[in-house]
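In: My questions concern the predicted model and sequence given below.
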Amino acid sequence: MKLEPVVGDDPREILRALRGALHGAGPALGLGLVSGLPDEVRAGTAVVVTTSGSTGVPKSVALSRDALTASALATADRIGDGAWLLALPASYVAGLQVLVRSLVADREPAILAGAFTPQAFAAAALTMASTEGGERVPSFTSLVPAQLSRLLDAADHDPAVLAALRSFETILVGGQALPAATLERAEAAGARIARTYGSTETCGGCVYDGVPLRGVRVRIERGEVQVSGPVLADGYLGDRERTDASFLRDPDGTRWYRTGDAGLFEDGVLRVRGRLDNVIVSGGINVSLDRVERIVRGIPGLALAVVVGVPDERWGEASVIVASRGEALRRSESVQLEEARAAVQTEIGAHARPSRLVLVDELVTLPSGKPDREAIRRAVIALH
């Protein structure tokens with residue numbers, strides 16, 4: 001089966017190509033492809049999404065029509081059917097799935113053109129109102145935490161943005177952990193939020209508010225979250241070794257995807273604790289940067305802060321808090337750092353306390369909207 005690259009990130013062009021790929025009438029769609037990959041894919045493949053993620057290592061994930069459709073139907077089963085607004089890049093899985101859900105529901109998606117701003121989001125959201133048979137058609141959208149935070153800031157003084165947030169039946173928020181303070185703000189504003197967990201390898205979010213979608217199974221093996229179900233990718237295009245390492249098969253034939261995340265699955269609810277490999281050794285003791293970051297984000301003014309590990313002459317490695325200057329300057333920098341260090345010491349121990357707070361004009365992000373942790377880490381190291 002032919003693989004047809006799509007150059008750029010034009011959502012309408014991607015939508016046109018996706019329509020043919022999803023229905024089997026056109027070639028498979030290649031998003032963000034890098035050189036050296038095969039130009040043929042297995043039958044049934046609809047999309048190949050190539051993304052470097054926060055590690056900088058490219059991976060080309062092959063997603064079948066069946067997996068994408070199963071994900072879309074499971075989402076509708078959980079939150080309902082309706083009209084979708086695309087406010088994320090269509091070349092990344094969360095944005096792609098907004099288009100897939102629209103096609104599966106046989107509805108044209110609303111598309112936020114150009115750069116994301118609260119005003120543009122509000123204008124697009126408030127033009128979606130429609131009815132069928134006298135009943136209002138529910139609307140949905142998908143965001144990353146940084147977008148939601150910008151909308152909440154704007155909603156404090158812009159009634160149109162507030163009305164837009166309240167207009168959605170459900171707003172899916174994923175891509176990274178949603179800080180508790182941001183969730184509380186959103187709920188207080190009247191927004192209906194569902195926190196999603198998943199990856200490109202699971203066709204996007206496959207666990208909502210800790211509960212797996214229909215057909216999705218979760219297990220914990222040696223502390224690692226593993227996922228099974230009809231939403232799994234076929235594997236990595238042109239990389240059999242990586243595919244075999246990441247996708248396991250039980251004796252009964254069940255396939256499982258190794259997420260690389262640490263977590264607990266109790267009473268049907270998943271709690272993700274961070275990346276298994278996002279650990280530094282400070283003074284001879286392992287420190288989970290994800291755990292430190294979750295604690296730091298509870299400090300006022302640091303809700304969207306990123307914690308990275310850097311070399312340290314005394315301890316070997318140390319954690320550093322990096323936050324947006326506009327967010328953090330609402331309170332004293334020294335006070336925030338001391339509050340963060342105290343909170344981390346209380347919950348983890350003195351060995352895990354961040355060494356510094358670095359303020360930047362703007363946090364570097366990937367096109368998907370997630371923090372570019374590797375670029376942020378390099379920038380902090382360069383400050384020395």
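Out: It's in.

In: Residue 118 contacts residue 151, doesn't it?
Out: Yes - Residue 118 is within contact range of residue 151, at 5.2 Å (criterion: C-beta atoms under 8 Å). Placement of C-beta: from N, CA and C, glycine included.

In: Of these two, which one has the most company?
Out: residue 151 (27 against 20; other C-beta atoms under 10 Å).

In: Where does that one sit, in terms of helix or strand?
Out: Residue 151 belongs to helix 145-155 when assigned by DSSP states H and E.

In: next one: residue 50
Out: Short version, using DSSP H and E: residue 50 is in strand 45-51.

In: Show me which residues of stretch 96-111 are buried.
Out: 96-105, 109-111 (16 or more other C-beta atoms under 10 Å).

In: cool, and stretch 35-49?
Out: 37, 41, 45, 46, 47, 48, 49.

In: Give me the contacts around it.
Out: Stretch 35-49 is contacted by residues 1-3, 18, 21-22, 28-33, 50, 60-66, 68, 91-93, 96, 200, 234, 237-238 when judged by C-beta atoms under 8 Å, 6 or more residues apart in numbering.

In: Show me where the stretch 201-350 of the chain has its strands.
Out: 204-208, 211-212, 217-221, 224-228, 235-236, 247-249, 255-266, 269-275, 279-282, 285-288, 306-312, 316-324 (DSSP state E, counting those that start in this stretch).

In: Including mean pLDDT and distance to residue 155, could those go into a markdown table?
Out: Shown next, in a markdown table, are those (pLDDT from 0 to 100; distance: least, C-beta to C-beta, whole Å):
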| stretch | mean pLDDT | distance to residue 155 |
| --- | --- | --- |
| strand 204-208 | 97 | 23 |
| strand 211-212 | 98 | 28 |
| strand 217-221 | 97 | 34 |
| strand 224-228 | 97 | 33 |
| strand 235-236 | 96 | 40 |
| strand 247-249 | 96 | 42 |
| strand 255-266 | 94 | 31 |
| strand 269-275 | 89 | 28 |
| strand 279-282 | 86 | 37 |
| strand 285-288 | 84 | 33 |
| strand 306-312 | 91 | 24 |
| strand 316-324 | 91 | 18 |
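
In: for the residue most central in space within the chain, what are its contacts?
Out: Centroid-nearest residue in the chain, with C-alpha atoms, centre = their mean: residue 175, separated by 1.0 Å. Taking C-beta under 8 Å, 6+ apart, we find residue 175 in contact with 94, 144, 145, 368, 369, 370.

In: ok, back up a step: turn the strands of the stretch 201-350 of the chain into CSV, columns for distance to residue 161 and mean neighbour count.
Out: Formatted as CSV, those follow (distance: least, C-beta to C-beta, whole Å; neighbours: other C-beta atoms under 10 Å):
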stretch, distance to residue 161, mean neighbour count
strand 204-208, 24, 26
strand 211-212, 30, 18
strand 217-221, 35, 14
strand 224-228, 35, 21
strand 235-236, 40, 22
strand 247-249, 42, 14
strand 255-266, 33, 18
strand 269-275, 30, 16
strand 279-282, 39, 18
strand 285-288, 36, 17
strand 306-312, 25, 21
strand 316-324, 19, 21
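
In: if we can go back for a sec, residues near the closest residue to the residue nearest to the centre of the chain other than its chain neighbours, how many?
Out: Nearest residue to residue 175, sequence neighbours excluded (C-beta to C-beta, 6 or more residues apart in numbering): residue 144, at 4.1 Å. When neighbours are defined as other C-beta under 10 Å, residue 144 has 23 of them.

In: Verify the contact between residue 144 and residue 369 for me.
Out: Yes - between residue 144 and residue 369 there is a contact at 3.7 Å, judged by C-beta under 8 Å.

In: Common neighbours of these two, please.
Out: Common neighbours of residue 144 and residue 369 (C-beta under 8 Å, 6+ apart) are 88, 175.

In: Which helix or strand in this structure has the lowest average pLDDT?
Out: helix 325-328 (a mean of 73; mean pLDDT, DSSP states H and E).

In: Check which helices and strands that helix sits against.
Out: strand 356-360 (3 or more C-beta pairs under 8 Å, 6 or more residues apart in numbering; DSSP states H and E).
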